[in-house]
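Participant: got a predicted model here, sequence first, then my questions.
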Amino acid sequence: GESVGLHLPTLSVQEGDNSIINCAYSNSASDYFIWYKQESGKGPQFIIDIRSNMDKRQGQRVTVLLNKTVKHLSLQIAATQPGDSAVYFCAESFIFGKGTRLHILP
Amino acid sequence: NAGVTQTPKFQVLKTGQSMTLQCAQDMNHNSMYWYRQDPGMGLRLIYYSASEGTTDKGEVPNGYNVSRLNKREFSLRLESAAPSQTSVYFCASRDQGTQAFFGQGTRLTVV
């Protein structure tokens, strides 16, 4: 069946450094991927998305890379700030992965 | 513009009791979803409704029923609550090929 997973459950990053969160998917026919951020006590919120006809998409301080050959996508956060502390989910359409908790070290 | 509204925000049930979680969206989205979130398990899909008048099972539908009352509202019912259904429940809505918008969640404890 379809699944979306993440490589690491927890990631610790120094404030100011770049963060990279990885995600693997299994369905080759997947054509729409989304990254969400979930802060404590809140529902997930949209960060950035990418469609399968693209390899890269950039937003404000965030970049999503899609490698369809190995069915992998990543979220890059530039100059990580304390407010970036959260759980990050990748999703294929409406199917979610387990999430990666991002810790920002002072 | 409230987005997705869930009620209640918190609920404690005794084993065997029933309850309905309510969800309403004001974005005119076609699709609505119910997820549960447990520690370390991410978001698991319980049921979804791709469009008004249709509902389908997700990954973990056992013990739940849903009703797509109209385009705005999608409710989740627990007929006989069990401790294993203690979780945080999220409702979401979206149109196909776009991001989902989530409610604030319902924290349910079954004792």
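Facilitator: Now that the structure is in, tell me what you want to look at.
Participant: and residue A:82, its phi and psi?
Facilitator: Dihedral pair for residue A:82: phi -50, psi -30, per degrees, to the nearest 10.
Participant: show the contacting residues for it.
Facilitator: A:15, A:104, A:106 (CB atoms under 8 Å, 6 or more residues apart in numbering or on different chains). From N, CA and C alone the C-beta is placed, and that goes for glycine too.
Participant: if we go to 6 Å?
Facilitator: residue A:104 (CB atoms under 6 Å, 6 or more residues apart in numbering or on different chains).
Participant: per-residue confidence for it?
Facilitator: We note a pLDDT of 96 for residue A:82 in this prediction.
Participant: how many neighbours does the residue in chain B that chain A sits nearest to have?
Facilitator: Taking CB to the nearest CB, chain A has its nearest neighbour within chain B at residue B:102, 3.2 Å off. Residues near residue B:102, counting by other CB atoms under 10 Å in any protein chain shown, number 24.
Participant: swap in residue B:57?
Facilitator: When neighbours are defined as other CB under 10 Å, residue B:57 has 13 of them.
Participant: one more: residue B:30?
Facilitator: 14.
Participant: cool, and residue A:93?
Facilitator: Applying other CB under 10 Å, I find that residue A:93 has 19 neighbouring residues.
Participant: what residues does chain B have near chain A?
Facilitator: Residues of chain B found near chain A (CB under 6 Å from any CB of the partner chain) are B:33, B:42, B:43, B:90, B:97, B:99, B:102, B:103, B:104, B:105.
Participant: for the residue nearest to the spatial centre of chain B, which three-state class applies?
Facilitator: Closest to where the C-alpha atoms of chain B average out (CA atoms, centre = their mean) is residue B:34, at 3.1 Å. Recorded secondary structure, residue B:34: strand (DSSP: H, G, I helix; E, B strand; the rest coil).
Participant: and the strands in chain B?
Facilitator: B:4-7, B:10-13, B:19-25, B:31-37, B:43-49, B:56-57, B:64-68, B:74-78, B:87-94, B:101-102, B:106-110 (DSSP state E).
Participant: what's the closest non-adjacent residue to the residue of chain B closest to chain A?
Facilitator: residue A:43 (3.2 Å; CB to CB, 6 or more residues apart in numbering or on different chains).
Participant: residue of chain A closest to chain B, please.
Facilitator: Proximity of chain A to chain B (CB to the nearest CB) peaks at residue A:43, 3.2 Å away.
Participant: okay, and for the chain, where does confidence drop off?
Facilitator: Answering for chain A, as no chain was given. A:1-8 (pLDDT under 70).
Participant: let me rephrase: I mean chain B.
Facilitator: Across chain B (using pLDDT under 70), the flagged ranges come out as B:1.
Participant: got the CA coordinates for the strand or helix carrying residue A:65 in PDB?
Facilitator: Residue A:65 belongs to strand A:62-67 when assigned by DSSP states H and E. Output of strand A:62-67 as PDB, limited to C-alpha atoms (Å, rounded to 0.1, in the frame of the first residue of the first chain):
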ATOM      1  CA  VAL A  62      12.400  27.100   2.700                       C
ATOM      2  CA  THR A  63      13.200  24.900  -0.200                       C
ATOM      3  CA  VAL A  64      11.700  21.600  -1.200                       C
ATOM      4  CA  LEU A  65      13.600  19.200  -3.400                       C
ATOM      5  CA  LEU A  66      12.000  16.200  -5.100                       C
ATOM      6  CA  ASN A  67      13.900  13.300  -6.500                       C
END
